[in-house]
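1. following is a predicted model, sequence given first.
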Amino acid sequence: MSGPIQVVLAGASGRTGREVGRAILSADDMTLAGAIGNTQVGMRLDSLWPGQSGDLEITAALPWVEGNPVVLVDFTEPKSSYSRVLEAIDRGWHVVVGTTGFTSTERQSIRDRVQERGVGAALIANFSLGAWLIERLVEEAARYFSEAELVEAHHPHKKDRPSGTAKRLAERLAHQWGRDLEQIPVHAIRLPGMVAHQEVLFGAPGQVLTIRHDVHDRSAYTEGVLRGIRRIEGFAGQLIEDPGPIMMD
Ligand SMILES: NC(=O)c1ccc[n+]([C@@H]2O[C@H](COP(=O)([O-])OP(=O)(O)OC[C@H]3O[C@@H](n4cnc5c(N)ncnc54)[C@H](OP(=O)(O)O)[C@@H]3O)[C@@H](O)[C@H]2O)c1
């Protein structure tokens, strides 16, 4: 990629978007070229993110950004995100999406659209290092255990349930064991004091193995998102949902 990567951030006023936005502003190789929101339209970023020099205003729609490459980063909610992501792809932008709750039909449409347009898309349910590693550890444990249940716990404002991360872990287990997804129980807890927590309990006679990951604050996601922004051009024509290609050096 030549020159700074131009990033348009949707969800800039949100809990995760704020952390991601600050990280983008601090990165030398990227420029924040636009910020999208819903109820905070017209607000300047420096008033939303105290101590930061971002002088953009939040807009309701994708801004016009000249130049190449442009990456849409989206941490919003699935309905508006789906149409925004398709619009960005149609403009020839790459997309790095953290928003969870897309249907399998929507994921397939995004896959088809990136193939047509030759841009890269990442739909990653969890950008934290620990979430990527927990998948690998769970796959290893599933080679030896044959029964597991998942428990995920999040803050009460989370809109989807169970979490995208828990669904992904359940899909992995179902695939590995050749079972239907419904046969892998997932328990979802929504409580104040929680941020994002995933636990997989493997049971066998006389023993339980617990693999657990806790996110205590949203800075856990920023390094993975920055890696996604830097690498997405290398996945032209592909939709990646596995964080491996982004996280691995
Ligand atoms: N992949 C990951 O690693 C990861 C990590 C954390 C969260 N997430 C996901 O990211 C998403 C956001 O989570 P959050 O906790 O940050 O949520 P949040 O605090 O509720 O923030 C939501 C953001 O979306 C914006 N928004 C809502 N509706 C919109 C619309 N119709 N058009 C444009 N913008 C809209 C909001 O703007 P206003 O403030 O203007 O309403 C706000 O900026 C969720 O899907 C969550 O599951 C993913």
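-> Perfect, I can see it now.
2. for the residue of the chain most remote from its centre, grab phi and psi.
-> What lies farthest from the middle of the chain is residue 206; by CA atoms, centre = their mean that is 37.1 Å. When read as degrees, to the nearest 10, the backbone of residue 206 gives phi 80, psi 0.
3. for it, give me the pLDDT.
-> Residue 206 carries a pLDDT score of 98 in this model.
4. check contacts around it.
-> Residue 206 is in contact with no residue at all, counting by CB atoms under 8 Å, 6 or more residues apart in numbering. All C-beta atoms are positioned from the backbone trio N, CA, C, and that covers glycine.
5. now residue 247
-> Taking CB under 8 Å, 6+ apart, we find residue 247 in contact with 129, 132, 224, 227.
6. distance check, it against the ligand.
-> Separation of residue 247 from the ligand (CB to the nearest ligand atom, to the nearest Å) stands at 12 Å.
7. which residues of this structure fall in helices?
-> All helices of the chain, identified by DSSP state H, fall at 15-26, 45-48, 78-90, 104-117, 129-142, 164-177, 222-231, 244-247.
8. follow-up on the earlier one: okay, the contacts of residue 247 in JSON lines with neighbour count next?
-> Output for these, formatted as JSON lines (neighbours: other CB atoms under 10 Å):
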{"residue": "129", "neighbour count": "16"}
{"residue": "132", "neighbour count": "19"}
{"residue": "224", "neighbour count": "23"}
{"residue": "227", "neighbour count": "20"}
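9. quick check: residues of the protein near the ligand?
-> Counting by CB under 6 Å from any ligand atom, the residues of the chain close to the ligand are 10-17, 36-40, 75-77, 80, 98-101, 124-127, 157, 221.
10. count of neighbours near the residue in the chain that the ligand sits nearest to?
-> Closest approach of the chain to the ligand (CB to the nearest ligand atom) occurs at residue 14, with a separation of 2.2 Å. Number of residues near residue 14 (other CB atoms under 10 Å) recorded here: 21.
11. quick check: end-to-end length of stretch 85-94?
-> Stretch 85-94 has an end-to-end distance of 9 Å (CA to CA, to the nearest Å).
12. pull out the buried positions in it.
-> Under the neighbour-count criterion of 16 or more other CB atoms under 10 Å, stretch 85-94 has 85-86, 88-89, 93-94 buried.
13. show me which pair in the residues you listed is furthest apart.
-> 86 and 94 (13.3 Å; CB to CB).
14. leaving out sequence neighbours, find the closest residue to residue 113.
-> Counting by CB to CB, 6 or more residues apart in numbering, the nearest residue to residue 113 once its immediate chain neighbours are dropped is residue 89, at 4.9 Å.
15. could you do residue 163 as well?
-> Excluding the flanking residues, the one nearest residue 163 by CB to CB, 6+ apart is residue 152, at 4.7 Å.
16. residue contacts, the residue most central in space within the chain?
-> The centroid of the chain falls nearest to residue 98 when counting by CA atoms, centre = their mean (2.2 Å). Counting by CB under 8 Å, 6+ apart, residue 98 touches 16, 20, 73-75, 124, 127, 221, 225.
17. let's see 7 Å
-> 16, 74-75, 124, 127, 221, 225 (CB atoms under 7 Å, 6 or more residues apart in numbering).
18. name the nearest residue to residue 220, ignoring sequence neighbours.
-> Closest residue to residue 220 apart from its sequence neighbours, by CB to CB, 6+ apart: residue 128 at 4.2 Å.
19. number of nearby residues for that neighbour?
-> 25.
20. that one against residue 219, yeah?
-> No: Residue 128 lies out of contact with residue 219 (CB atoms under 7 Å); the separation is 9.5 Å.
21. and the least confident helix or strand in the chain by mean pLDDT, how far from the chain's centre?
-> The weakest-scoring helix or strand in the chain, judged by mean pLDDT, DSSP states H and E, is helix 45-48 (a mean of 86). Counting by CA atoms, centre = their mean, to the nearest Å, helix 45-48 is centred 23 Å from the centre of its parent chain.
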